[in-house]
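[1] Structural data only, the sequence is not supplied:
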């Protein structure tokens, strides 16, 4: 029962930030009209949100290692509710930008700490299933949250969409009070060792001196965090994991960003029809994310991640060469299946690459790498789409996804199972 509560609450916390961010695309025309600004000016709301989320991840990741994830989840969801109310009641665009910046800070904290909380709470041998369920929110956001927000905006104005998420955040905040308190993680410099602080990745054993939370001579917590970040960049396996995060997010977002324009230009599909295509993919992804986690707990996170990325790469590469019809929809659904199947096992695998006392810092750096991958691939994809068409975009995204398979095979080791301390 307690595990179900944790999964449900973390799912909703992650869902809040994802759906709130993605709905902006649907609300941009209304924002342009309401504030009397250009579309490019309105797009700054997305930029400040992403920058704020990156800053929040950078700050809250290391702090959560020291003070616990739960308090940052609670503070994040409360800030999210207040900032959403602020967005709904903004009378000028600068006020709206300020509110969106605060929302981005909250979402960055929620994204980082929800994954690390799950990794702390669930033993590695069942973590794929748990994180698979939680990460289904990545795919539920576009098929549930965004349509709801769009319908509210259509009938009651764009402010109602932000009010909806503010009220939902209050409900989630109340529910989050029932999240169990984490067992205190011992500092890695302590002479007493616990299973939670062991490095389960065999490759990491040789790097123990780099992995431990460094205690700087002057007691600087920020300096210790920077040294931890440096250790992640210099270790062969964790550096590869950060590259994988860049490739995974960039490859998928690049593929999805321009498929709508391709479907419209190639087959003349309307916006509504394109929406149904995305809903099909989202439904397949939500339904299979849990299954991917369950399979990975039995067959290995690394193995399932490699297979899922291979399926995704082949599907992405094939899409632009298919005619409109059931075949294209099936391949798109297969791509969604591959993307969903890898989410739980890949995230679970990455959370086990560092000690629990540095997990927040590492996930924060992973999230930042993911955002960089999204930005870089979206930009490169736009250039390729204009010059060479959608096939050039999918070729890039498929190559990035295949590189993930190679890095998993050559740089990442499946951690061994260890005894896990009882939960409070």
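    Arrived safely, thanks for sending. Predicted, not measured: the structure shown is a model, and the values here were computed from it.
[2] show me where pLDDT drops low in the stretch 1-150 of the chain?
    For the stretch 1-150 of the chain, applying pLDDT under 70 flags the ranges 1-2, 25, 39-40.
[3] residue ranges for the helices of it, please.
    Remark: helices assigned in the stretch 1-150 of the chain by DSSP state H, counting those that start in this stretch are 2-22, 24-35, 39-42, 44-67, 69-88, 93-121, 124-134, 137-140, 146-156.
[4] Quick one: closest of the ones you listed to residue 397.
    Residue 397 lies closest, by CB to CB, to one member of the helices of the stretch 1-150 of the chain: helix 137-140, at 16.9 Å. C-beta: built from backbone N, CA, C; applies to glycine.
[5] And the closest one, what does it pack against?
    On a contact count with 3 or more CB pairs under 8 Å, 6 or more residues apart in numbering; DSSP states H and E, helix 137-140 meets helix 2-22, helix 271-299, helix 326-351.
[6] Which of those helices comes out lowest on mean pLDDT?
    Note on those: lowest mean pLDDT is at helix 271-299, with a mean of 82.
[7] the inter-axis angle of it versus helix 24-35?
    For helix 271-299 against helix 24-35, the angle by axes from the mean of the first three to the mean of the last three CA atoms, to 10 degrees is 140 degrees.
[8] for helix 271-299, packing partners?
    Judged by 3+ CB pairs under 8 Å, 6+ apart, the packing partners of helix 271-299 are helix 124-134, helix 137-140, helix 259-267, helix 301-318, helix 326-351.
[9] Adding mean neighbour count and distance to residue 180 as columns, could you present the ones you listed in TSV?
    Formatted as TSV, these follow (neighbours: other CB atoms under 10 Å; distance: least, CB to CB, whole Å):
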stretch	mean neighbour count	distance to residue 180
helix 124-134	24	14
helix 137-140	22	20
helix 259-267	16	41
helix 301-318	23	25
helix 326-351	24	18
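[10] how about JSON lines for the ones you listed, with distance to residue 234 added?
    What follows is these, written out as JSON lines (distance: least, CB to CB, whole Å):
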{"stretch": "helix 124-134", "distance to residue 234": "24"}
{"stretch": "helix 137-140", "distance to residue 234": "30"}
{"stretch": "helix 259-267", "distance to residue 234": "38"}
{"stretch": "helix 301-318", "distance to residue 234": "22"}
{"stretch": "helix 326-351", "distance to residue 234": "17"}
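[11] who wins for proximity to residue 66 among these?
    With CB to CB as the measure, helix 326-351 is the member of these nearest residue 66 (17.6 Å).
[12] got the buried residues for the helix or strand following that closest one?
    Next helix or strand after helix 326-351 toward the C-terminus (DSSP states H and E): helix 359-388. For helix 359-388, a neighbour-count test (16 or more other CB atoms under 10 Å) marks 359-374, 377, 380-381, 384-385 as buried.
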